[in-house]
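Student: model this:
(chains A and B)
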Amino acid sequence: MLLSKLVGRTVKETPRDAELVSHKFLLRGGFIRQYSAGVYGLLPLAQRSIAKIESICRDEMNRVEGQEVKMPCLGTKELWDESGRYSAIGKDMFRLVDRNEKPMVLCMTHEEPVVFFARTELTSYRQLPAMMYQIQTKFRDEPRPRGGLVRLREFTMKDAYSFHSSEEDLQKYYWRAHEAYLRFFKRTGCRNFVSVMSDNGMFGGKFSHEFMMLVPSGEDTLITCSKCSYKANQEVATSPFKNTKSAELKLQSVDTPNIKTIADLANSLKIDPSQTCKAVMFQTKEQELVIAFVRGDLDVVEQKLKGILQKELIPAKDSVIEAAGAVSGSTGPIGLNLSKCWVVLDSSVLASSNLAVGANKDGVHLMNFNAERDFLSTLNDWQKQRVKTGDLAAARAGDPCPECGEALQETRGIEIGNIFHLGTRYSQSMNCTFLDQSGLAQNHVMGCYGIGITRLLPAIIEESHDERGPVLPITVSPFDVHICVLNKKEGHTEQKALETYEALRNAGVEVLLDDRDEKPGSQFADADLIGIPLRVIFSPRNLSENKVEFKYRDNRSPAQMVATSDIISFIKKTVSEEYARYKID
RNA sequence: CGGGGCUUAGCGCAGUGGUAGCGCAUCUGUUUUGGGAGCAGAGGGUCGUGAGUUCGAAUCCCACAGCCCCGACCA
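Tutor: So this is what the prediction gives:
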């Protein structure tokens, strides 16, 4: 490709709207352009790079017996009603009506369409296990798209679905898929990434892993242990915390005028926030209040709360709070109207003694609250059904590891892939069965496996760049080699460069040639901004000695001079060595 | 959905009541050439939209929209 003809120009100034380095460089390098919030077009450089990511992905999916399919983006309400997700998913799903007023959706994931396939195609145990995958556009009406290609409303995802005759078979395959993912990320040049335990969210199923690129700009918080192998998304990370049990003191009321926050409460009572109990309130769609109680210094993880209650939660409205007898700023477990609310106590509250807690009276708190003595033991059988206990709190840096007790660490990550145990969540609800060896109809046991294809490019750039631009791994670079031609009009410089360009192309090397009559500085700056890993520089100065210059984008070694007679074989060899760095046997 | 910010040429910005400018980019010519050049010239804007105030609005008032950031939310 000649740079003068490439669609997509480089830009000197950083676009105002870009925050992340990957976003800045993708815009400045002429890879992408924005159409609207969370909707981008890929210019040739990005399209070529993404196509390479897709190709590696196909290869790895095929290696684990995946069969590529293509399912529609456009779905019907009927199909999504079968799983119950047409109503379960809220505004994140794009919805529309066709010309006959029939409700349609733009698919944000494809469990329903793939079960539609499986229902008619996978009807015998002899066909199992089977895995179908596709590389397809997904639509999600994200509340807040951000970070260029990181969080989009329209994006490309590789999604795969496996079907099994048993739980054991699924688990075996699950770990094969896990291995395939590790291979894929290594081949695409990802370096610092991990798989962590994660939340299953609205997918259902029992367990899941997220593959996370560890970069400071990541959206997710990960909790890891430096001593053992414990790694989890903060959404599911747990800790035994450091709780103190002591002799139970007498419950007593204390006036706390104008005290609404844990910080104020701890200050006025001259105690540590960990000696208080905090209420965090949500509500269900049925207008029932949900109150989570955690130790005052900890935070509630909403996903955990949803998991315990198996309900969708939204922020609580004042009317719902009042109806349950809770008082904002002084909410406590004692004296609530349990017919109007659900109460969930975090383990940290049960494991602590003599906490300060709201009295459900404005300006009044209770001291020396002990959950078992003052609350749980006072409940009748019906009330007990409205009260749950469990793990709600977010583990933080410094809290003890649940596996080995070592102090946990926090890091940030970008989610680049995930794998989910789905079980029979979809095969049951959508009546998808196969006949087993004894002729009995059984629900397929399913797993699903996603990779954010479009997101991988910015994720790679987040971890692989310098102040001048991206440093792309050759496996995902739009071209293998970037040729700069300085002072092209002087002597035979341009002609020599073009000859080399043609010869390399004929040898199967993908080359971008800067044939513009630009200043050297300008050419180098653009080459850095595009990020191709190998660079060749033609100039009259070097050609006069029958040499050309070669350098790596990452400056791993000093630039070297290569005889013009050797340049083709040198580049071919270097390109294949470069690819070999990302090869896995 | 809450809080904040922004919207003027392709990009980045200036312009507090008198009818629009700068830098970069683009085009022409010319001189240059190893880390984002110089000179000369040219083209390019219903100033986000709508409705007001005014003799006159990019500028003042009102409403709306779009975009970005923080939070909420999120396979």
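Student: can you tell me which residues contact the residue in the stretch 101-250 of chain A that RNA strand B sits nearest to?
Tutor: The nearest approach of the stretch 101-250 of chain A to RNA strand B comes at residue A:109, 2.5 Å away (Cβ to the nearest atom of the strand). For the C-beta atoms, the positions are set from N, CA and C on the backbone; glycine is no exception. By Cβ atoms under 8 Å, 6 or more residues apart in numbering, the contact list for residue A:109 reads A:138, A:159, A:450.
Student: show me which of these neighbour RNA strand B.
Tutor: A:138, A:159, A:450 (Cβ under 7 Å from any atom of the strand).
Student: can you count the residues close to residue A:412?
Tutor: Per other Cβ atoms under 10 Å, the neighbour tally for residue A:412 reads 15.
Student: pLDDT wise, what is it at?
Tutor: pLDDT, residue A:412: 90.
Student: Quick check, it in contact with residue A:218.
Tutor: Yes: in terms of Cβ atoms under 8 Å, residue A:412 counts as a neighbour of residue A:218; the distance is 3.7 Å.
Student: Residues of the stretch 51-200 of chain A that sit close to RNA strand B?
Tutor: A:92, A:108-110, A:138, A:140, A:142-147, A:151, A:157, A:159.
Student: among those residues, who's most crowded?
Tutor: Result: residue A:110 is most packed of these (other Cβ under 10 Å), 26 neighbours.
Student: Show the contacting residues for it.
Tutor: Applying Cβ under 8 Å, 6+ apart, the residues near residue A:110 are A:71, A:134, A:136, A:159, A:161.
Student: Check which helix or strand the spatially closest residue to residue A:330 that is not a sequence neighbour maps to.
Tutor: Nearest residue to residue A:330, sequence neighbours excluded (Cβ to Cβ, 6 or more residues apart in numbering): residue A:358, at 3.9 Å. Using DSSP states H and E, residue A:358 falls within strand A:355-361.
Student: Likewise for residue A:189?
Tutor: With DSSP H and E as criterion, residue A:189 is part of no helix or strand.
Student: Thought residue A:471 was touching it, still the case?
Tutor: No: here residue A:189 does not reach residue A:471: they are 9.5 Å apart, not a contact under Cβ under 8 Å.
Student: Give the residues shared as contacts by the two.
Tutor: With Cβ under 8 Å, 6+ apart, residue A:189 and residue A:471 have common neighbours residue A:464.
Student: Nearest to residue A:266 among the contacts of residue A:109?
Tutor: Ranked by distance to residue A:266 (Cβ to Cβ), these are led by residue A:450 at 43.0 Å.
Student: Confirm that that closest one lies within a helix, as I assumed.
Tutor: No: per DSSP: H, G, I helix; E, B strand; the rest coil, residue A:450 lies outside any helix segment and is strand.
Student: Who are the packing partners of the helix or strand bottoming out on mean pLDDT in chain A?
Tutor: Least confident helix or strand, chain A: strand A:314-315 with a mean of 75, by mean pLDDT, DSSP states H and E. On a contact count with 3 or more Cβ pairs under 8 Å, 6 or more residues apart in numbering; DSSP states H and E, strand A:314-315 meets strand A:277-283.
Student: Close to RNA strand B: what parts of the stretch 451-585 of chain A are there?
Tutor: A:468, A:486-487, A:489, A:517-522, A:524-526, A:528-529, A:537, A:539, A:541-542, A:549, A:559.
Student: which residues of the stretch 151-300 of chain A fall in helices?
Tutor: For the stretch 151-300 of chain A, the helices defined by DSSP state H, counting those that start in this stretch cover A:167-187, A:262-269.
Student: Make CSV from the ones you listed and add mean neighbour count and mean pLDDT to it.
Tutor: Formatted as CSV, the helices of the stretch 151-300 of chain A follow (neighbours: other Cβ atoms under 10 Å; pLDDT from 0 to 100):
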stretch, mean neighbour count, mean pLDDT
helix A:167-187, 18, 96
helix A:262-269, 16, 84
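Student: Distance to residue A:424 for those helices - can I get that in TSV?
Tutor: What follows is the helices of the stretch 151-300 of chain A, written out as TSV (distance: least, Cβ to Cβ, whole Å):
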stretch	distance to residue A:424
helix A:167-187	9
helix A:262-269	43
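Student: what ranges do the strands span in the stretch 301-450 of chain A?
Tutor: With DSSP state E, counting those that start in this stretch, the ranges of strands along the stretch 301-450 of chain A come out as A:314-315, A:341-346, A:355-361, A:364-369, A:387-390, A:408-423, A:433-435, A:441-443, A:445-452.
Student: what inclination does the third one have with respect to strand A:364-369?
Tutor: To tie it back to what came earlier, the one meant is strand A:355-361. 150 degrees (axes from the mean of the first three to the mean of the last three Cα atoms, to 10 degrees).
Student: Please identify the buried residues of strand A:355-361?
Tutor: A:355-360 (16 or more other Cβ atoms under 10 Å).
Student: for the second one, same thing?
Tutor: By neighbour count, with 16+ other Cβ under 10 Å as the criterion, the buried positions of strand A:341-346 are A:341-346.
Student: just those residues now: which is nearest residue A:275?
Tutor: residue A:346 (14.9 Å).
Student: wait, what's in contact with that closest one?
Tutor: A:292-295, A:298, A:300, A:389-393.
Student: Just give me the neighbour total for the residue in the stretch 251-400 of chain A positioned nearest to RNA strand B.
Tutor: Closest contact between the stretch 251-400 of chain A and RNA strand B, by Cβ to the nearest atom of the strand, is at residue A:302 (4.0 Å). Residue A:302: 16 surrounding residues under other Cβ under 10 Å.
Student: pLDDT at the residue lying closest to it once chain neighbours are set aside, what is it?
Tutor: With sequence-adjacent residues excluded and distances taken as Cβ to Cβ, 6+ apart, residue A:302 is closest to residue A:313, at 6.4 Å. On pLDDT, residue A:313 comes in at 78.
Student: Where does the prediction get shaky in the stretch 201-350 of chain A?
Tutor: For the stretch 201-350 of chain A, applying pLDDT under 70 flags the ranges A:201-205.
Student: hmm, try it at 90
Tutor: A:201-208, A:216-248, A:252, A:255-274, A:278-290, A:296-332, A:335-342 (pLDDT under 90).
Student: Mind telling me which residue of the stretch 351-500 of chain A is nearest RNA strand B?
Tutor: The nearest approach of the stretch 351-500 of chain A to RNA strand B comes at residue A:450, 2.5 Å away (Cβ to the nearest atom of the strand).
Student: list the contacts for that residue?
Tutor: Applying Cβ under 8 Å, 6+ apart to residue A:450 gives the contacts A:109, A:157-160, A:417-420.
Student: what do you get if the cut-off is 7 Å, keeping everything else the same?
Tutor: A:157-159, A:417-418 (Cβ atoms under 7 Å, 6 or more residues apart in numbering).
Student: Farthest-apart pair in those residues, please.
Tutor: Checking these with Cβ to Cβ, the most distant pair is A:158 and A:418, at 11.3 Å.
Student: show me where the stretch 401-550 of chain A has helices.
Tutor: A:425-429, A:453-463, A:493-506, A:520-530, A:540-543.
Student: Quick check: mean pLDDT of the longest one?
Tutor: The average pLDDT within helix A:493-506 is 94.
Student: picking that back up, if you rank the contacts of residue A:110 by neighbours, which is first?
Tutor: residue A:161 (29 neighbours).
Student: on that earlier part again, need the contacts of residue A:450 in a markdown table (columns: pLDDT).
Tutor: Formatted as a markdown table, these follow (pLDDT from 0 to 100):
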| residue | pLDDT |
| --- | --- |
| A:157 | 96 |
| A:158 | 97 |
| A:159 | 96 |
| A:417 | 94 |
| A:418 | 93 |
